[in-house]
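**Q** Give me a 3D structure for the following:
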Amino acid sequence: MLTLTGIAKTFHTGGADAVTALDGVSLSVEKGDFITLIGSNGAGKSTLLNCLAGVFFPDAGTIVLDGTDITALPEYARAGFLGRVFQDPLQGTCASLSIEQNMALAALRGKRRGLSRGVDPRDRDRFRQALASLSLGLEDRLNARVRLLSGGQRQALTMLMATLVRPEVLLLDEHTAALDPKTATHILELTARLVETQRLTTLMVTHNMNQAIRLGNRLIMMHRGRIILDVAGREKQNLTVEALLRRFAALRAPGGPDDFDGPDGQDGLDGADDMTDKMLLA
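**A** The predicted structure follows:
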């Protein structure tokens, strides 16, 4: 189980431009949970993932994974048990190395490293089999430099690398946002398949409400550094985009739907309509 208790993070502390990104976030994640995480820009979604990954240390609170406090564990140490895929397809791979070499590096997660004879033939067969599951023909291009791949191919490879050695937690930070709709659909199908077959504990940030509702067993909405909605089970299954927007409007401020600021400074339900445009899949 992953447990976050009272996680707080403020940037530019003490200055006039201080920003509270996380405001006492507490969250319990069961093994195998697939959580979709939504909210407007600045809600704290990516900061939450960065705190989980060790990119930022929280100012307050604790992060406990399977009974071990990892709050102060550095990013490189967490890489042994965390998988992560970013929005930018260029971030998850090394462009100057071949597909095989990238896969070989991913296969070393959590293992002691040293001098070796290179890629073992058994590993090469395993890489080919894994790549074949992408249906992109990459299994026949093991020696191709990654820089020659398209953005979608690189993101698919990154997903595969992030899960080649089963991570304790998989973090997906808008990992389809930079892709065209057809490629994004392919990556989402791959994501769902990998998460289901490996029973991966997953947190996926998305701005797409359709994705958030369709994928996963649990949906969390954040606003101004806090969790304002957490639904699962039948309640999540029965959600619609329209119902989610109404709940978003009602929950954002004590004064009700007409009393909150929209994502672009608009008021009330106009802000919600603007969010609809940004978060619906074309």
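**Q** Show the contacting residues for the most centrally placed residue in the chain.
**A** Compute the mean C-alpha point of the chain, and by C-alpha atoms, centre = their mean the closest residue is Leu172, 1.8 Å away. Taking C-beta atoms under 8 Å, 6 or more residues apart in numbering, we find Leu172 in contact with 84-85, 191, 202-205. For every residue, glycine as well, the C-beta is placed using N, CA and C.
**Q** got the contact list for the host helix or strand of Asp125?
**A** Assigned by DSSP states H and E, Asp125 belongs to helix 121-132. Outside helix 121-132, the residues that touch it by C-beta under 8 Å, 6+ apart are 99-100, 103-104, 107, 119, 138-139, 142, 157, 160, 164.
**Q** Could you export those as a markdown table, including secondary structure, neighbour count and distance to Ala178?
**A** Below are the contacts of helix 121-132 laid out as a markdown table (DSSP: H, G, I helix; E, B strand; the rest coil; neighbours: other C-beta atoms under 10 Å; distance: C-beta to C-beta, whole Å):
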| residue | secondary structure | neighbour count | distance to Ala178 |
| --- | --- | --- | --- |
| Ile99 | helix | 25 | 20 |
| Glu100 | helix | 19 | 25 |
| Met103 | helix | 25 | 22 |
| Ala104 | helix | 20 | 26 |
| Ala107 | coil | 18 | 26 |
| Val119 | coil | 17 | 30 |
| Leu138 | helix | 23 | 19 |
| Glu139 | helix | 16 | 24 |
| Leu142 | coil | 17 | 25 |
| Leu157 | helix | 24 | 15 |
| Leu160 | helix | 23 | 18 |
| Leu164 | helix | 20 | 22 |
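**Q** least confident pick among the residues you listed?
**A** Ranked by pLDDT, the contacts of helix 121-132 bottom out at Val119, which has 77.
**Q** before we move on, the earlier item: enumerate the positions of the helix holding Asp125 that are buried.
**A** 127, 130-131 (16 or more other C-beta atoms under 10 Å).
**Q** so which of the residues you listed would you say is closest to Ala243?
**A** Relative to Ala243, the closest of these is Ala130; by C-beta to C-beta it sits at 38.8 Å.
**Q** give the contact list for Leu194.
**A** 159-160, 163, 200.
**Q** where's it relative to His175, distance?
**A** As judged by C-beta to C-beta, to the nearest Å, Leu194 and His175 stand 12 Å apart.
**Q** what do those two both touch?
**A** Both Leu194 and His175 are in contact with Met159, where contact means C-beta under 8 Å, 6+ apart.
**Q** Would you list the phi and psi of Gly137?
**A** phi 80, psi 10 (degrees, to the nearest 10).
**Q** Quick one: neighbours of it, just the number.
**A** 10 (other C-beta atoms under 10 Å).
**Q** Repeat that for Asp230.
**A** 15.
**Q** Using the three-state scheme, assign the closest residue to it other than its chain neighbours.
**A** Among residues not flanking Asp230 along the chain, Ile220 sits closest, at 5.1 Å (C-beta to C-beta, 6 or more residues apart in numbering). Secondary structure, DSSP: H, G, I helix; E, B strand; the rest coil: Ile220 is strand.
**Q** Go ahead and confirm Glu30 touches Thr3.
**A** No: judged on C-beta atoms under 8 Å, Glu30 makes no contact with Thr3 at a distance of 10.1 Å.
**Q** more crowded one of these two?
**A** Thr3 (15 against 12).
**Q** ok so the more buried one is a strand residue?
**A** Yes: assessed by three-state DSSP, Thr3 belongs to a strand.
**Q** Begin at 2 from now on, thanks
**A** Let's use 2 as the start, then, which means that last one is Thr4.
**Q** what about Gly138, distance to Leu150?
**A** Distance of Gly138 to Leu150, computed by C-beta to C-beta: 11 Å.
**Q** list residues touching both of these two?
**A** In contact with both Gly138 and Leu150: no residue, using C-beta under 8 Å, 6+ apart.
**Q** Once you drop chain neighbours, what's closest to Met2?
**A** Per C-beta to C-beta, 6+ apart, closest to Met2 is Glu31, 5.9 Å.
**Q** Backbone torsions only: list them for the one you found.
**A** The phi/psi pair for Glu31 (degrees, to the nearest 10) is phi -80, psi 160.
**Q** Now do the same contact list for the residue lying closest to Leu135 once chain neighbours are set aside.
**A** Sequence neighbours aside, Ala157 is the residue nearest to Leu135 in space, at 5.0 Å (criterion: C-beta to C-beta, 6+ apart). Ala157 is in contact with 135, 137, 139, 187-188, 191, counting by C-beta under 8 Å, 6+ apart.
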